[in-house]
Structures are given as C-alpha cells and as structure tokens.
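Trainee: Sharing a model that was predicted from the sequence below.
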Amino acid sequence: MVPKLPSKASTNLGAPHYDVEHFRPKKEARDLDGTVRDGYWWLAFNFMNFRVCGNVGNRKKGGWFPLQAGSLCSSFDAPNEESESRYLLDPIDDDDVALIAFDEEGKAIPMPGSSAWERDRVDITIERLKLNEHAPLAEARRKVWQKVDLLIDDFVEARGRCVQGNNPAAKMKITSVRARIRELTSPSADLSAVAKWCVVVRNDPQLSRLVA
C-alpha cells in the first residue's frame, strides 16, 4: 500500500495499475490462523478507510486483517478502531511507516531496534503485501540505493579535498551532491525512504542532517 497517489514515474513500480482499497475490509476480516470474523462494513463509505495501493499486494491482502491476541475488536455497536492492536501497517500512520527500513539489496526490513511485536508486524505486512516479492519494485529500490551510495562517495571524496584548505571546485561538488541527495530523499520523490536509509546507515553527521 502507498499513502499517496502514484506519480507518472512510479506507476510501474508496485503493479501494472493501482486500486482504491479498504484498509479495514468491509465484508469479512481474517486472522492469522484463517479464522473469519465480521468485516468493517460500517466503514465501507468512510473515506478515511480508503488507501491507494498497488494491485499486486492488494490481491494477496483481500480480507486479511489480523489483530494481536487479546486485542479489542471494533464493531458497529462499539466502534474503537483506534484501540485495535493490528498487525497490518497503515501507510498513512507515520509511526507505522517509520517501522520499515531498507537494505542495499532493495529489500524492506524491520527498523533496527524494533520490539518483537513491531518486528512481527513488519515481517507479516511485508509477506502479505508482497513488498519484497515483486521483482520490479525490489530492483527499483536497489537502483535508488546504488545511486545515493555513489553520491555519498562523491561527497566524502570532495570533503576530503577540502581538508587542506580552500578548494572551490570541491566545494561546488559538495553543494551539487547535497542538492541531489536532498532531491532523492524528498517525501515527494519515488522511493525516498530507500534513499533516506542509504544515508542513515552511513552514520555521517553531516549527511544525516540532510534527511533529518
């Protein structure tokens, strides 16, 4: 799932086309063990329950919407969606989005330092929505990582040339590279989260400020 409308450049990354999906399924909701409970039919026309999503992951999701054991379960008579402990990550919830990191191979992974529950949520969401199975998407992420990685190498090399004193050419290179990294890590850029993680794993304070 994605929290924004796809741009022209990104339409081939997640799927051949996009769907508008109910985040909480309206007909029936399936738990991890396949148990079926009543769906969230009262949210069928609530636009806050709509998400734009690639059809590859959406086909596998279907009515899947498991809750943690012991979680409150919302109903028409007692609506409490905000109190449910759900497995599925919500792409419009910033806290959920922050739980996903990426590696140099273009794979989505749990954010380092996550709790066991958070890792379970990430792993199960990745598996259910095919976030790593769709080869074109993984390859696109890998290419973004490589692009940013090369830019970082250019930045480090140019910065080293400035250590001995003023070097106008190197400073111009640093300025150019910084601008390009900011562009690739901008929220409006395709796969910007991958670009951000490429910067984060370098653990360079000067670079980290670009994506703070």
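Mentor: Yes, it's here. The structure displayed is predicted, hence computed values, not measured ones.
Trainee: need the strands for the chain, in chain order.
Mentor: Counting by DSSP state E, the chain has strands at residues 18-22, 28-30, 36-38, 50-54, 100-102, 108-110.
Trainee: give me the low-pLDDT residue ranges for this protein?
Mentor: Where the chain drops to pLDDT under 70, the residues are 1-16, 56-58, 212.
Trainee: Look at residue 136 and say how many residues are nearby.
Mentor: The local packing count at residue 136 equals 13, with neighbours defined by other C-beta atoms under 10 Å. Backbone N, C-alpha and C define where each C-beta goes, glycine included.
Trainee: Hmm, residue 84 and residue 74 touching each other?
Mentor: Yes - counting by C-beta atoms under 8 Å, residue 84 is a contact partner of residue 74 at 5.8 Å.
Trainee: The two: which is more packed in?
Mentor: Using other C-beta under 10 Å as the criterion, residue 74 and residue 84 rank with residue 74 on top: 20 against 14.
Trainee: how close does residue 123 sit to residue 203?
Mentor: Using C-beta to C-beta, to the nearest Å, residue 123 is found at 25 Å from residue 203.
Trainee: Between those two, which has more neighbouring residues?
Mentor: The residue with more neighbours, out of residue 123 and residue 203, is residue 123; 15 against 8, by other C-beta under 10 Å.
Trainee: these two touch, right, the more buried one and residue 110?
Mentor: Yes - with contact defined as C-beta under 8 Å, residue 123 and residue 110 form a contacting pair (6.6 Å).
Trainee: mind listing what's buried in the longest helix along the chain?
Mentor: With secondary structure taken from DSSP state H, the chain has its longest helix at helix 135-161. Under the neighbour-count criterion of 16 or more other C-beta atoms under 10 Å, helix 135-161 has 137-138, 140-142, 144-145, 147-149, 151-152, 154-155, 158-159 buried.
Trainee: repeat for stretch 114-128
Mentor: For stretch 114-128, a neighbour-count test (16+ other C-beta under 10 Å) marks 114, 118, 121, 122, 124, 125, 126, 128 as buried.
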